[in-house]
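*Asks:* next input, structure requested:
(chains A and B)
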Amino acid sequence: MGSKRRLDSVDRQIIAMLARAPQTSNRDIAAQLGVAESTISVRVDALIRDKVIKLSVQQNIVKAGYGVLGWIDVSCAFADAERIAGEISSIETVFSISLFFENPFLQVMVFAQSAADLRELVEKRIGIIPGVDAIAADVSIGEACIKQGIASL
Amino acid sequence: MSNSYVPDAIDRQIIDMLHDDGRASNRAIGRHLDLSEAAIRKRLKRLTDSGLITYGLLIDVAATNMQVFGWIYVEVHPAHLGTAYKAIAGMDRCSGCAMKTGTYNLLAHMYAKDQRAMTATIEDIYRIPGVARVTFRQVNKYPAHRHEFIVDTSEHEFRSWHGGVVHSDTP
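*Replies:* This is a model prediction of the structure:
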């Protein structure tokens, strides 16, 4: 936010090109924008160092054998929500935790290899955390996509 | 689909390196793992062809003009579920969508630049045939997000998303 440096139009063009084709080389970016490769190299390094962008690979968890996605609503006292989220975030198969303004304060998105795994997660990992009042779980059936794109870096 | 390839320990190390730096060269990865450049290339081809990994660009949310985010729960008539899924998953502001159990049988994660843009998104969803009910839960913050993972049940065009990309300098 405030600490992030302002992006100029060259930065934005670089980001737009990398968003379209993440593997574009600095040389190709330089050629398209009509600037020196060294300029692009300095800019890209700065964007990455300042955590504005990250060039990365993402694993498709469906292809990795996780066929079940679950969204687990966790009811708790507002004052306990962040602590409970902290405890839940250490579970390896948690994809995301969202904190809402009203109870259920937490929604935990998880992936599992089977319904039994999901049950284990709900009952033995999340359900036993002190302060958790109630849990309601939904499971994916059919199509699902979580795209790559924006993240908190 | 050739989706049965199970990555081994070396593949995992390659994936870890590329997660840190998506532009690491095959030569640099090879040097690090004591393998030839050709061996790395072969493994990467297998990983990308099987759909297990995708190269991508992550943009920090603070660098975008997105201010309002949350989950939209949609109740759709079962006969329209497939088309409603495609319509919502294909939206600019949608970073994820899934069919699920429950009264609300579609769930989508949405970003917008302000409250008004989010309202417009919700109105657009109401216009999709078969949509009976929409509920929006605004997110205060995300205590966790493992952005090294994506979810994709089929080979569709919704893999990457950078809605609005970056905000402009001019106020």
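
*Asks:* only C-alpha atoms for contact and neighbour calcs from this point on.
*Replies:* Noted.

*Asks:* let me know the secondary structure of residue B:6.
*Replies:* Secondary structure, DSSP: H, G, I helix; E, B strand; the rest coil: residue B:6 is coil.

*Asks:* residue contacts, it?
*Replies:* Contact partners of residue B:6, counting by Cα atoms under 8 Å, 6 or more residues apart in numbering or on different chains, are residue A:64.

*Asks:* how much space between it and residue A:65?
*Replies:* Separation of residue B:6 from residue A:65 (Cα to Cα, to the nearest Å): 9 Å.

*Asks:* swap in residue B:93?
*Replies:* Counting by Cα to Cα - residue B:93 and residue A:65 are separated by 28 Å.

*Asks:* chain A: strands as residue ranges?
*Replies:* Listed in chain order, the strands of chain A (DSSP state E) span A:53-60, A:68-75, A:94-100, A:106-112, A:134-146, A:150-151.

*Asks:* check the burial of residue 135 by counting its neighbours.
*Replies:* With no chain named, the answer covers chain A. Around residue A:135 there are 17 other residues, counting by other Cα atoms under 10 Å in any protein chain shown.

*Asks:* wrong chain, I was asking about chain B
*Replies:* If you count neighbours by other Cα under 10 Å, residue B:135 ends up with 13.

*Asks:* mind listing what it touches?
*Replies:* B:72, B:73, B:74.

*Asks:* just those: which are in strands?
*Replies:* Reading strands off these with DSSP E, I get B:72, B:73, B:74.

*Asks:* got JSON lines for those, with neighbour count, pLDDT and distance to chain A too?
*Replies:* Formatted as JSON lines, the ones in strands among the contacts of residue B:135 follow (neighbours: other Cα atoms under 10 Å in any protein chain shown; pLDDT from 0 to 100; distance: Cα to the nearest Cα, whole Å):
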{"residue": "B:72", "neighbour count": "21", "pLDDT": "98", "distance to chain A": "13"}
{"residue": "B:73", "neighbour count": "19", "pLDDT": "97", "distance to chain A": "12"}
{"residue": "B:74", "neighbour count": "25", "pLDDT": "98", "distance to chain A": "13"}
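
*Asks:* nearest to residue B:117 among those residues?
*Replies:* Ranked by distance to residue B:117 (Cα to Cα), the ones in strands among the contacts of residue B:135 are led by residue B:72 at 13.8 Å.

*Asks:* that closest one is in contact with residue B:137, isn't it?
*Replies:* Yes. The pair residue B:72 / residue B:137 is scored as a contact, 6.4 Å apart, by Cα atoms under 8 Å.

*Asks:* all strands of chain B, in order?
*Replies:* With DSSP E, the ranges of strands along chain B come out as B:53-60, B:68-76, B:94-100, B:106-112, B:131-145, B:149-152.

*Asks:* worst average pLDDT in these?
*Replies:* Sorting the strands of chain B by mean pLDDT places strand B:149-152 lowest, at a mean of 82.

*Asks:* packing partners of it?
*Replies:* Packing contacts for strand B:149-152, counted by 3 or more Cα pairs under 8 Å, 6 or more residues apart in numbering or on different chains; DSSP states H and E, involve strand A:53-60, strand A:134-146.

*Asks:* can you list the strands of chain B in a markdown table and add distance to residue A:59?
*Replies:* Putting those into a markdown table (distance: least, Cα to Cα, whole Å) gives the following:
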| stretch | distance to residue A:59 |
| --- | --- |
| strand B:53-60 | 4 |
| strand B:68-76 | 23 |
| strand B:94-100 | 15 |
| strand B:106-112 | 19 |
| strand B:131-145 | 14 |
| strand B:149-152 | 5 |
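
*Asks:* quick one: which of the ones you listed is nearest residue A:137?
*Replies:* Using Cα to Cα, the strands of chain B put strand B:94-100 closest to residue A:137, at 10.3 Å.

*Asks:* give me the contact list for the closest one.
*Replies:* A:138-149, B:81, B:85, B:88-89, B:105-111, B:161.

*Asks:* at 6 Å instead, please
*Replies:* For strand B:94-100, the external contacting residues (Cα atoms under 6 Å, 6 or more residues apart in numbering or on different chains) are A:139-147, B:89, B:105-110.

*Asks:* how is chain A carved up into domains?
*Replies:* Following automatic domain parsing, one finds the domains of chain A at A:9-49, A:68-139.
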